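> give the three-dimensional model of this entry:
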Amino acid sequence: MGRSRGGLTTKVHLLADDRARPLTWLTSPGQRGDSPMLLPLLETLRIARRGPGRPRRRPDRVRGDKAYSSRGNRAYLRRRGIKATIAEPDDQRANRQSRGRAGGRPPAFDKAQYRRRSAVERCVSKWKQFRAVASRYDKRDYIYNGTLTCTAIVIWLRDT
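Model prediction:
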């Protein structure tokens, strides 16, 4: 008993659309942070087009929780022209405000868009209907590519 070879637990980082369908996911050790996984997660995104053409790789909007709020993530999304609705944690807000005018403006935040983040929670609830996910006994990535501790991001895509 005790620890498995895969670590203490497994964490899945998930991209879901507004219909609560999983688009892509990556697993990581449970002790790894959420914020560094945003960029690799967005790089794996491939959405087939209805007609001919290359798959889409850039969502229109990303909705994430406070775990994905970092200066680097926001700069990456801004460079790629992706709108972001990510809540700012209290410690980041306090650090920005303590710097005064040098701290800059707060990031844009749309409460109505943030409420629509529930789609990813519905997607996770669907996944937890499976026995392997609910009982948390698979911990290594090559055996099980599912969710144990799930942090997720909702993306919004216009129909093209």
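> how about the helices in this protein?
Per DSSP state H, the chain has helices spanning 38-43, 71-79, 90-98, 111-115, 118-127, 131-135. These are given in chain order.
> of all those helices, which one is nearest residue 13?
Residue 13 lies closest to helix 38-43 among these, at 5.2 Å (C-beta to C-beta). C-beta here means a position set from N, CA and C on the backbone, and glycine is covered the same way.
> mind checking the helices of the chain for the one nearest to residue 58?
Residue 58 sits nearest to helix 38-43 of all these, at 8.3 Å, using C-beta to C-beta.
> which residues are in contact with the closest one?
13, 15, 24-26, 59, 62, 64, 68, 73, 76, 153 (C-beta atoms under 8 Å, 6 or more residues apart in numbering).
> out of the helices of the chain, the one nearest residue 19 is which?
Nearest to residue 19 among these is helix 118-127 (7.0 Å), distances taken as C-beta to C-beta.
> chain center to the closest one: distance?
Distance of helix 118-127 from the chain centroid (C-alpha atoms, centre = their mean, to the nearest Å) equals 12 Å.
> what do you get for stretch 47-58?
21 Å.
> now do the buried residues in that stretch.
The neighbour-count check on stretch 47-58 (16 or more other C-beta atoms under 10 Å) flags residue 47 as buried.
> I figured residue 67 was touching residue 34, is that so?
Yes - counting by C-beta atoms under 8 Å, residue 67 touches residue 34, with 3.8 Å between them.
> pull the helix or strand with minimum mean pLDDT from this structure.
The helix or strand with the lowest mean pLDDT-type score in the chain, counting by mean pLDDT, DSSP states H and E, is strand 149-156 (a mean of 55).
> doesn't residue 48 make contact with residue 57?
No - contact status for residue 57 versus residue 48: not in contact, 11.3 Å apart, counting by C-beta under 8 Å.
> fine, thanks again, bye for now.
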